[in-house]
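> output the structure for:
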Amino acid sequence: MLTIREAVLSDVPALQELYLRHLTHYPPEGEPDTAAWEALLARLIEYPDHYLLVGTLDGRPVSSVTLVVIPNLTHNLRPYAVMENVVTHADFRAQGYASALIERASVIARERGCYKIMLLTGSKKESTLRFYEQNGFDRHAKTAFLKRFE
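Residues are numbered from 1 along each chain as shown. Predicted coordinates for the structure are as follows:
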């Protein structure tokens, strides 16, 4: 049974595996700097508006999602949230784990008073886009633009 919790420092090796091997549009660039990952995760854990959720099976993280709540001066001062890095280990896909994490993140956003969640994906696969629609997201509601800095 899947257990959902916030990430802890000991999750770094599993998160490295998820992000570097199973997040299909995130190309690995050599070996990860584990100390840097641990330092950044420690900062993120302390950041009150950042949620790095992991879904675990028998204590092993097999899925993850990031949610960030952003204060906002519009919509009656209600914040909004951004969801990113939805990933599940390839051996555990199509079992509802990512959907469970998305639902938990949605509950957090509602509890924090958010009026919306924006989800971004680098995938162009129709099956991925349908997956997000099945989880309550509307791909036609907004137009997203991306500006990368290399």
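> give me the secondary structure label for residue 40.
Under DSSP: H, G, I helix; E, B strand; the rest coil, residue 40 falls in the helix class.
> measure it to residue 16 for me?
Note on residue 40: its distance to residue 16, by C-beta to C-beta, to the nearest Å, is 12 Å. The C-beta positions use only the backbone N, C-alpha and C, and glycine is treated the same way.
> which of these two has more residues huddled nearby?
residue 16 (16 against 12; other C-beta atoms under 10 Å).
> any stretches of this structure with poor pLDDT?
24-30 (pLDDT under 70).
> go through it and flag its longest strand.
Ranked by residue count and defined by DSSP state E, the top strand of the chain is strand 60-70.
> report the distance from the helix or strand following that one to the chain centre.
The first helix or strand that comes after strand 60-70 along the chain, using DSSP states H and E, is strand 80-88. With C-alpha atoms, centre = their mean, to the nearest Å as the basis, strand 80-88 stands 3 Å off its chain's centre.
> same thing with stretch 8-19?
Worked out by C-alpha atoms, centre = their mean, stretch 8-19 lies 13 Å from the chain centre.
> buried ones in that stretch, by neighbour count?
11, 12, 14, 15, 16, 17, 18, 19 (16 or more other C-beta atoms under 10 Å).
> can you give the contact residues for it?
7, 26, 32, 34, 37-38, 41-42, 45, 52, 54, 60-64, 85, 87-89 (C-beta atoms under 8 Å, 6 or more residues apart in numbering).
> wait, residue 32 sits on residue 21?
No: counting by C-beta atoms under 8 Å, residue 21 is not a contact partner of residue 32; they are 10.7 Å apart.
> what about the two, which has more around it?
More crowded of residue 32 and residue 21, by other C-beta under 10 Å: residue 32, with 16 against 13.
> find the nearest non-adjacent residue to the more buried one, please.
Spatial nearest neighbour of residue 32, excluding adjacent residues (C-beta to C-beta, 6 or more residues apart in numbering): residue 16 at 4.9 Å.
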